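[1] below: sequence and its predicted model.
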Amino acid sequence: MNIVVAIKHIPSIADDLPVSGKNVDFDSVDFVLNEWDEHSIEQAVLIKEAVGGTVTVVGVDLIGELDNVLHLALAKGADKVVKITADDPAADSHMQAKWLAEAIKGMGANMVFAGVQASNDLDGQIGPMIAAYLDMPYIGGVSSVEANGDSATVNKEFAGGAGAKYSVSMPFVAGVQAAPKPPRYAPVSKVRQMAQTATIETVSPSGDASAGLAFKNMAPPVATGHAEMIEGSSKEVAAKIVELLKSKGLA
Amino acid sequence: MLTPVEKIIFILAAIASVGFTFHGFKTIIDSIRKGRPAPELKNIPGSLLKAGIAVLFQQTIFKARKLLSAIHMGLFFGLITYAFVNLTDALEGLIPGFDLVYGGKHLPYENVPTGLINTFNLIADVMSGFLLIAITVFFVRRFITKDKALTFRDNVLLNPKVKAGGQNRDSLVVDVFVVMHVGARLMSQAFRLTEGADPFMPIASFLNGIFGASEVGVHVAWWISLGWVMFIIPYLSRSKHTHFFMSPVNLGLAKQNPRGQLDPAVPLKMIEGTRFDPGAKHVHDLAWTRVLDAYACVQCNRCQDVCPANFYQRPLSPSALEVNKRYLLKEATFGGHPEKLELPLTETVISPEAVWSCTTCYACVRVCPVGNEPMADIVDIRRRMLVDGYEIDSGVQNALQSLATNGNWMSKGKRLRGKWAKEMEFPVKDATAEPVDHLWFVGDTASFDERVIPITKMVARIFNAAGLDFGILYKEESNAGNDVRRVGEEGLFEQLVEQNMAAFGKSQFQRIVTTDPHSFNTLKNEYPQFGSEWEVKHYTVTLLRLIEEGKLTIKNKLSNYKVTFHDPCYLGRYNGGFTAPRKLLELCGVEFVEMPRNCENSFCCGAGGGQIWMGKVAPGERPAENRIKEALTTFGEGAGDKTQLFIVTCPKDMIMYSDAVKTTGNEGKIEVRDIVQLIAEAVGVEEPKVAEPVAA
Ligand code: SF4
Ligand code: SF4
């Protein structure tokens, strides 16, 4: 089984997100692996553990720091890692999808996984666009994949807890919502060992990639009010609320 | 006394006994030697001697259970006496005419030391009585009143043989041995008293009064007495009573490095051609000194008594760990099932859930009379589980992942670490940018947790008021890694140490002060192994010094408070930081009462060793809740109009105990405060008045 996982490096929201001009100030944020991609890596490794095969993880290197993520993927069980050196932190999902598709094209993948979306743009475009470029079927919202021969049983989740089971013939692209098991922990010793020994294949971005959207403006949210805690016994609190409502002309 | 035939039988039996004993101990030593190299021990003869003295005076058992310990001491002295008694008894049997009754007047020698013999007879006689009483107490405790302390919780993993009562059988054999052996020995002496009572043998004389003297009786009693010895000695090597021999040795070979320094995940001393995986999967992955622990274990459950996880009804019992180790080794050696050693420790010795319940509070190691380290085994097992990809608790996993990427466990960006400092009314120096005297290592909880930040700010204000030249590392500080290491993530620990060492390298400072006992512990005890050479102080010590040097003046005596103090494990038990906080409280003028479990015997809040990261919270009374109740009981009813305070010196304690006050419904009765809040009040440092926010 040849499984390719397309991943995305995105700005971390652990920090306050600084804005510069029309976009995030990429120089002062850390980049992290998109959370849904952690699940697609886990799903790929689970399949490999069940039926054998290889897992290749490929991503666009936006700020020259993708190596860490790729070492982590190797420590979790990926066999091969590829980075597309773009050096453009603003490259959006349309551009990344094109580059990824070009890189994946020659890999002979039976299945391509991508996180169903990424928390930076939330547009869920990478998976479907790769599928279109590679001329493969796409299935999104996937919560588990089981490989059997040249087709796979895929569970897809709908809102409200409903689910459906599909049989999908290979090759196909799946947008992974969640792996059946929480993504495993890769001990740092293993990640560091990978960093010392593993080789990362490097390719240049190729294909005519154009951005899907143009930013007009970006601004941090402005605080428009604040909560006031009313303290005291329930009677006092009630009295204050009444007073407040009156003062605002609401009672 | 013995007939020639009897003598031959005796000598043959003695040879067999020695042979079985030798085989027993050789088997034990061989299995101990299969363990991994242990951290280097210095001056072994010296520490063995020290241990010998400690054992002679039974010092280490008195850390808990004072009364039973006193009885054990009697038993111990009795058995020591009996070693000599058995020797003279053997001589009585083998040497014709060798007879010590009546001060040795039947001895066929001249110039018999009558006084010495009488003294010996008296001691032997009285000790016999004492032995019988002591063993009866222990028998009653185990079999009649069935002391709960000798049993295990139902959810604790136990070797099937232990479940089936193996320990009780061992105890019964030894109880019966002591009764039969001592009883027979007394009788053998009683039967010898052909001329009536011997004033130096009161018990034997009393028995003689009842049974009279008898030549046949002497033979029968002698055989019962010494026959038992020849049986019991080899038996001991195969029973829990190996502790007679192994515990003094174990005590002599006990941990020598600081309590707060864990053994490395992979032995530092490499054996040629051996590649060690980190931590322990099988019993012989443990350092040999900890394989020895299993043989030294008295199976007394003192460690279980003090274990907060066991209190919290978790399936963890440190004593069960040692007992299971022992039974596993026994099955593999004497039992002829070496294949059992191939089973992972998590199936034979401790359940995975129990492994992840340990708070690494060190209480078990501290209380153990024979110097065992069950906690160290648990950390080693965690280490291997982590590299083997065991599915860990999701909360712990999130914490570790965040630590690996952000350097803190709270999924906060590095740049936010110094945010509190930037909000201060005075500048807080960046030690990476300008030289400072004190580098304040703030720690994660104190830097990020909204509930603790006001306290962090107060510490800064007091340092500032005292004119202390201090700075922090801002975004360059990473979690110190104390609990990361204790969770078993050695690689991440090393990464964090490297990051912090790099930050230290960039900065100029003379010493480190820290508000967090966990950081304090690893910075003080473990960082030196990675090249740190700075003095590290806990802020309680720094505060005390500032007051003693007159840099801070106590202006207000806080006699309106009645307080008690909780010793954090990593400050107190691990590093002996008992006095500074108590002195500070005294200086503040509060009414101070000590909880029953204090100092070395302090009870863990339940947060350490990664427990605070756990996603799942188990049901049942939590250790912190129990501690709050303990504090309230200590306060009693008589606080009058004083406010009752529970004083802490650890940011994690602030969170654990504030929660516990709420969950036990004791709000209004007791309040949790950091010691620095009292100091602030006493020296008159206040939060600056902020303008009330105007309603929008
Ligand atoms: S270190 Fe503390 S929690 Fe862990 S086993 Fe020992 S007593 Fe129990
Ligand atoms: S480990 Fe120590 S304290 Fe615990 S049961 Fe054994 S001897 Fe007693």
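    Right, received. Where do you want to start? Numbers count the residues shown, from 1 in each chain, chains lettered A, B, ... in the order given. Ligands and ions are numbered 1, 2, ... in the order given.

[2] quick one: contacts for the closest residue to ligand 2 within the stretch 401-550 of chain B?
    Taking Cβ to the nearest ligand atom as the measure, the stretch 401-550 of chain B has residue B:486 as its residue closest to ligand 2, at 18.9 Å. Any C-beta I mention is one placed from the backbone N, CA and C, and that applies to glycine too. For residue B:486, the contacting residues are B:262, B:360, B:379, B:382, B:608-610, by Cβ atoms under 8 Å, 6 or more residues apart in numbering or on different chains.

[3] pretty sure it sits in a helix.
    Yes: checked against DSSP: H, G, I helix; E, B strand; the rest coil, residue B:486 lies within a helix.

[4] quick one: it and residue A:247, what's the gap?
    As defined by Cβ to Cβ, to the nearest Å, residue B:486 lies at a distance of 55 Å from residue A:247.

[5] try residue A:46
    With Cβ to Cβ as the criterion, residue A:46 and residue A:247 are 60 Å apart.

[6] which of those two has more neighbours?
    A count of neighbours by other Cβ atoms under 10 Å in any protein chain shown puts residue A:46 above the other of residue A:46 and residue A:247, at 19 against 10.

[7] I'd say that one and residue A:179 touch.
    Yes: using Cβ atoms under 8 Å, residue A:46 is in contact with residue A:179, at 6.5 Å.

[8] now, the contacts of residue B:486 that are in strands?
    Secondary structure of these is defined by DSSP state E; no position falls in strands.

[9] now these: which count as buried?
    Neighbour counting over the contacts of residue B:486 (16 or more other Cβ atoms under 10 Å in any protein chain shown) leaves B:262, B:360, B:379, B:382, B:608-610 as the buried ones.

[10] closest to ligand 1 among those residues?
    Scanning those for proximity to ligand 1, where the rule is Cβ to the nearest ligand atom, the winner is residue B:360, at 5.1 Å.

[11] for the closest one, give me its contacts.
    Each residue near residue B:360 by Cβ under 8 Å, 6+ apart is listed here: B:375, B:378-379, B:483, B:486, B:569, B:608-609.

[12] ok, back up a step: near ligand 1, which of the buried ones among the contacts of residue B:486 show up?
    residue B:360 (Cβ under 6 Å from any ligand atom).

[13] and for residue 48, the neighbour number?
    No chain in the question, so chain A it is. A count of neighbours around residue A:48, defined by other Cβ under 10 Å, yields 19.

[14] ah, I was thinking of chain B
    By the criterion of other Cβ under 10 Å, residue B:48 has 16 neighbours.

[15] now it, what's its secondary structure?
    Following three-state DSSP, residue B:48 is assigned to helix.

[16] quick one, what contacts residue B:540?
    Applying Cβ under 8 Å, 6+ apart, one finds that residue B:540 lies in contact with B:571, B:577, B:580-581, B:584, B:649, B:675.

[17] give me that answer again for 6 Å
    Under the criterion of Cβ atoms under 6 Å, 6 or more residues apart in numbering or on different chains, the neighbours of residue B:540 are B:580-581, B:649.

[18] just the CA atoms of stretch B:48-57, as CSV, please.
    Only the C-alpha atoms of stretch B:48-57 are listed here, as CSV (Å, rounded to 0.1, in the frame of the first residue of the first chain):
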residue,chain,number,x,y,z
LEU,B,48,27.6,-1.0,54.8
LEU,B,49,29.1,-0.3,58.2
LYS,B,50,26.8,2.6,58.7
ALA,B,51,23.8,0.5,57.6
GLY,B,52,24.9,-2.3,60.0
ILE,B,53,24.8,0.2,62.9
ALA,B,54,21.4,1.5,61.7
VAL,B,55,20.1,-2.0,61.6
LEU,B,56,21.6,-2.8,65.0
PHE,B,57,19.7,0.0,66.6
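
[19] and that stretch, how far from the chain's centre?
    Stretch B:48-57 sits 18 Å away from the centroid of its parent chain (Cα atoms, centre = their mean, to the nearest Å).

[20] quick one: the strands in chain A?
    According to DSSP E, chain A carries its strands in the segments A:2-7, A:9-11, A:19-20, A:23-24, A:31-33, A:54-61, A:80-85, A:111-115, A:138-148, A:151-157, A:163-169, A:172-176, A:201-203.

[21] let me see the ranges of the helices in the stretch 151-251 of chain A.
    When secondary structure is read from DSSP state H, counting those that start in this stretch, the stretch 151-251 of chain A shows helices at A:188-197, A:234-247.

[22] could you find the closest non-adjacent residue to residue 166?
    I'll assume chain A. Leaving aside its sequence neighbours, residue A:166 sits nearest to residue A:154 (Cβ to Cβ, 6 or more residues apart in numbering or on different chains; 4.7 Å).

[23] meant chain B, my bad for not saying
    Nearest residue to residue B:166, sequence neighbours excluded (Cβ to Cβ, 6+ apart): residue B:327, at 6.7 Å.

[24] all helices of the stretch 251-400 of chain B, in order?
    Along the stretch 251-400 of chain B, the stretches classed as helices by DSSP H, counting those that start in this stretch are B:288-296, B:302-306, B:308-311, B:318-332, B:345-348, B:352-355, B:363-367, B:374-387, B:394-406.

[25] the first one near ligand 1 anywhere?
    So the one you mean is helix B:288-296. No: in terms of Cβ under 6 Å from any ligand atom, no part of helix B:288-296 sits within range of ligand 1; the closest distance is 12.9 Å.

[26] need the contact partners of that helix.
    Identification of contacts with helix B:288-296 by Cβ under 6 Å, 6+ apart yields B:28, B:32, B:35, B:38, B:242-243, B:246-247, B:250, B:253, B:322, B:325-326, B:329, B:370, B:372-373, B:377.

[27] try 8 Å this time
    Residues from elsewhere that reach helix B:288-296 (Cβ under 8 Å, 6+ apart): B:28, B:31-38, B:41, B:242-243, B:246-247, B:249-251, B:253-255, B:283-284, B:322, B:325-326, B:329, B:370-374, B:376-377.

[28] what about burial for those residues, which qualify?
    In the contacts of helix B:288-296, burial by neighbour count holds for B:28, B:31-32, B:35-38, B:242-243, B:246-247, B:249-251, B:253-255, B:283-284, B:322, B:325-326, B:329, B:370-374, B:376-377, counting by 16+ other Cβ under 10 Å.

[29] nothing else from me, thank you.
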